[in-house]
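K.L.:
Dropping the sequence and predicted coords here.
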Number of protein chains: 2
Amino acid sequence: MGETAARSLRADAERSVRAILEAAERLLVEEPGASMEQIAAAAGVARTTIHRRFANRQALIEALASSAARQLAQAVEDGRPDTAPPLVAMHRITANVLQVKSAWAFALELPADPDSEAAVLQRDIAGRCITVLKRAQADKLIDEAADLDWVRRVYYALIRESLHGDADGADPDALAARIIDTLLHGAGPRA
Amino acid sequence: MGETAARSLRADAERSVRAILEAAERLLVEEPGASMEQIAAAAGVARTTIHRRFANRQALIEALASSAARQLAQAVEDGRPDTAPPLVAMHRITANVLQVKSAWAFALELPADPDSEAAVLQRDIAGRCITVLKRAQADKLIDEAADLDWVRRVYYALIRESLHGDADGADPDALAARIIDTLLHGAGPRA
DNA sequence: CTTATCTGAATCATACCTGTTGCAATTCGA
DNA sequence: TCGAATTGCAACAGGTATGATTCAGATAAG
């Protein structure tokens, strides 16, 4: 259990798994120490059912991280990082990522075991991110001497900060615009 | 117990309190759920001694947060935020803060109760921060239309990111320089 | 419809953490 | 030096989380 993709779960079982993962995210983001009992209750499921699907707490957490990472990767992909004009791609990706991250904040902040599926996906995503930044650099949007890894980290930090501070109601596109603008120009006076 | 300043603790008792707080920071930053037993062991102290000084886990955490917040406030103050030239103050404060934050990462990331001493201090510090930014704005270092609260949040995020990613060995002044540069100019091409 | 699967409920055993107390030994401080 | 404060140790009580097991009933699937 707790594997990447259980082979052909019955429909109701699959529904249970989803409910459990969503409830876990909802509770753990508020209270990282929440008990399996509480998670089960929030999922509208018996505690035994969780143990049937996930061998232990650890397995549940890992499944949560994998599931969220997969959605995040999809969000990035949907922004066409390889084909869209860099600035457009950055905007779209940022807006998409903001939405996924606001829904799976706990799972995506989790310190991942380097061998886990989640970690692999996160590395893929970081690679994609660097790719986009390189394309932006080629378009003179980013200084040619810039350290792209630092730029990527700043980008991540801006996203995180946007999520922490602003009410969920805020328009993702507006937030994305502010992030990109800050990333490229900082706070200094405009030319 | 667990008060802001215990009145005249005996020398050995004060040493114990310090050892406990330092051990708590050291362990909790790695494992937020570490038991009192583990903390006591790391502090070279019996578990009962912790309970003598701090009524319960909560009280220990709050004392930890207060202690760290006080040190952070001191670090900011040492940068002369009101009198030094804005750019100098920003550099000095950033370097000082980096050092304190790397030593008390757990305590300073703690979600503080709005009424706690730590929260009050954090608000004071944020105020000081805004003050410096205003002075920088008056000196044309920051765009006159900039949202200073957002700038402050970005500044915090850059500090956090610097701490997470870079080995502790890195030179605080170099990190501070990069933070300020990124805050003011972003990643875009230089004029 | 019939079967294989899934679920909830009830139990059980185990382990761990927390907070308290009593006491003897040690250490600080005046 | 003498008394008070502090500490370690041991033990205890109360609580809670975890995981496993069993079984009868509900539900999806072919």
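P.N.:
Good, I have the coordinates.
K.L.:
Show me where chain A dips below the pLDDT cut-off.
P.N.:
In the predicted model of chain A, residues A:1-7, A:191 satisfy pLDDT under 70.
K.L.:
ranges for the helices of it?
P.N.:
Under the criterion DSSP state H, helices of chain A are mapped to A:11-28, A:36-43, A:47-53, A:57-77, A:86-103, A:105-109, A:117-138, A:148-165, A:172-185.
K.L.:
Would you map out the domains in chain A?
P.N.:
With domains defined by automatic domain parsing, chain A comprises A:1-55, A:64-185.
K.L.:
Spit out the contact partners of the residue nearest to A:T94 when sequence neighbours are not counted.
P.N.:
Nearest residue to A:T94, sequence neighbours excluded (Cβ to Cβ, 6 or more residues apart in numbering or on different chains): A:A176, at 3.8 Å. Every C-beta, even on glycine, is put in place using the N, C-alpha and C of the backbone. Neighbour list for A:A176: A:H91, A:T94, A:A95, A:L98 [criterion: Cβ atoms under 8 Å, 6 or more residues apart in numbering or on different chains].
K.L.:
repeat for A:D139
P.N.:
A:P85, A:P86, A:L87.
K.L.:
Distance check, the second one against DNA strand D.
P.N.:
What that stands for is A:P86. 44 Å (Cβ to the nearest atom of the strand, to the nearest Å).
K.L.:
Quick one, which of the helices of chain A gets closest to B:R153.
P.N.:
With Cβ to Cβ as the measure, helix A:148-165 is the member of the helices of chain A nearest B:R153 (5.2 Å).
K.L.:
now for that closest one, which elements pack on it?
P.N.:
helix A:86-103, helix A:117-138, helix A:172-185, helix B:148-165, helix B:172-185 (3 or more Cβ pairs under 8 Å, 6 or more residues apart in numbering or on different chains; DSSP states H and E).
K.L.:
and for that helix, what are the contacting residues?
P.N.:
A:94, A:97-98, A:101-102, A:105, A:126, A:129-130, A:133-134, A:137, A:142, A:175, A:178-179, A:182-183, B:153-154, B:156-158, B:160-161, B:165, B:178, B:182, B:187.
K.L.:
just stretch A:94-110 next, same as before
P.N.:
Contacts for stretch A:94-110 (Cβ under 8 Å, 6+ apart): A:25, A:28-29, A:32, A:61, A:64-65, A:67-69, A:71-72, A:75-76, A:78-79, A:118, A:159-160, A:162-163, A:168, A:172-173, A:175-176, A:179-180.
K.L.:
If we use 6 Å, what do you get?
P.N.:
Stretch A:94-110 is contacted from outside by A:25, A:28-29, A:64-65, A:68, A:71-72, A:75, A:78-79, A:163, A:168, A:172-173, A:175-176, A:179, using Cβ atoms under 6 Å, 6 or more residues apart in numbering or on different chains.
K.L.:
if we can go back for a sec, of the domains of chain A, which stretch is the most buried?
P.N.:
domain A:64-185 (a mean of 18; mean count of other Cβ atoms under 10 Å in any protein chain shown).
K.L.:
and the end-to-end length of that one?
P.N.:
Using Cα to Cα, to the nearest Å, one end of domain A:64-185 lies 36 Å from the other.
K.L.:
what does chain A put close to DNA strand D?
P.N.:
Contact residues, chain A versus DNA strand D (Cβ under 7 Å from any atom of the strand): A:10-12, A:35-38, A:48, A:51, A:55-58.
K.L.:
can you rerun that using 6 Å?
P.N.:
A:R10, A:A11, A:D12, A:S35, A:M36, A:E37, A:T48, A:H51, A:N56, A:R57 (Cβ under 6 Å from any atom of the strand).
K.L.:
looking at the domains of chain A, which is closest to B:A146?
P.N.:
Between the domains of chain A, domain A:64-185 lies closest to B:A146; by Cβ to Cβ that is 9.6 Å.
K.L.:
ok, back up a step: identify the farthest-apart pair in the residues of chain A next to DNA strand D.
P.N.:
Pairwise over the residues of chain A next to DNA strand D, using Cβ to Cβ, the maximum falls at A:A11 and A:S35, 28.0 Å.
K.L.:
residue in chain A nearest to chain B?
P.N.:
A:G186 (3.5 Å; Cβ to the nearest Cβ).
K.L.:
Distance check, that residue against B:A187.
P.N.:
Applying Cβ to Cβ, to the nearest Å, the value for A:G186 to B:A187 is 8 Å.
K.L.:
Over to A:P172?
P.N.:
22 Å.
K.L.:
Look up how far DNA strand D lies from A:E117.
P.N.:
From A:E117 to DNA strand D the distance is 20 Å (Cβ to the nearest atom of the strand).
K.L.:
So which bits of chain A are right by chain B?
P.N.:
With Cβ under 6 Å from any Cβ of the partner chain as the criterion, chain A meets chain B at residues A:140, A:142-143, A:146, A:151, A:153-154, A:157, A:161, A:165, A:182-190.
K.L.:
switch the cut-off to 7 Å
P.N.:
A:32-33, A:140-143, A:146, A:151, A:153-154, A:157-158, A:160-161, A:165, A:182-191 (Cβ under 7 Å from any Cβ of the partner chain).
K.L.:
picking up where we left off before, output the helices and strands packed on helix A:148-165 in JSON lines, with distance to A:E109 appended to each entry.
P.N.:
What follows is the helices and strands packed on helix A:148-165, written out as JSON lines (distance: least, Cβ to Cβ, whole Å):
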{"stretch": "helix A:86-103", "distance to A:E109": "9"}
{"stretch": "helix A:117-138", "distance to A:E109": "11"}
{"stretch": "helix A:172-185", "distance to A:E109": "18"}
{"stretch": "helix B:148-165", "distance to A:E109": "11"}
{"stretch": "helix B:172-185", "distance to A:E109": "22"}
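K.L.:
The residue of chain A at minimum distance from DNA strand C: what's it in contact with?
P.N.:
Nearest residue of chain A to DNA strand C: A:S16, at 3.1 Å (Cβ to the nearest atom of the strand). A:S16 is in contact with A:V45, A:T49, A:R53, counting by Cβ atoms under 7 Å, 6 or more residues apart in numbering or on different chains.
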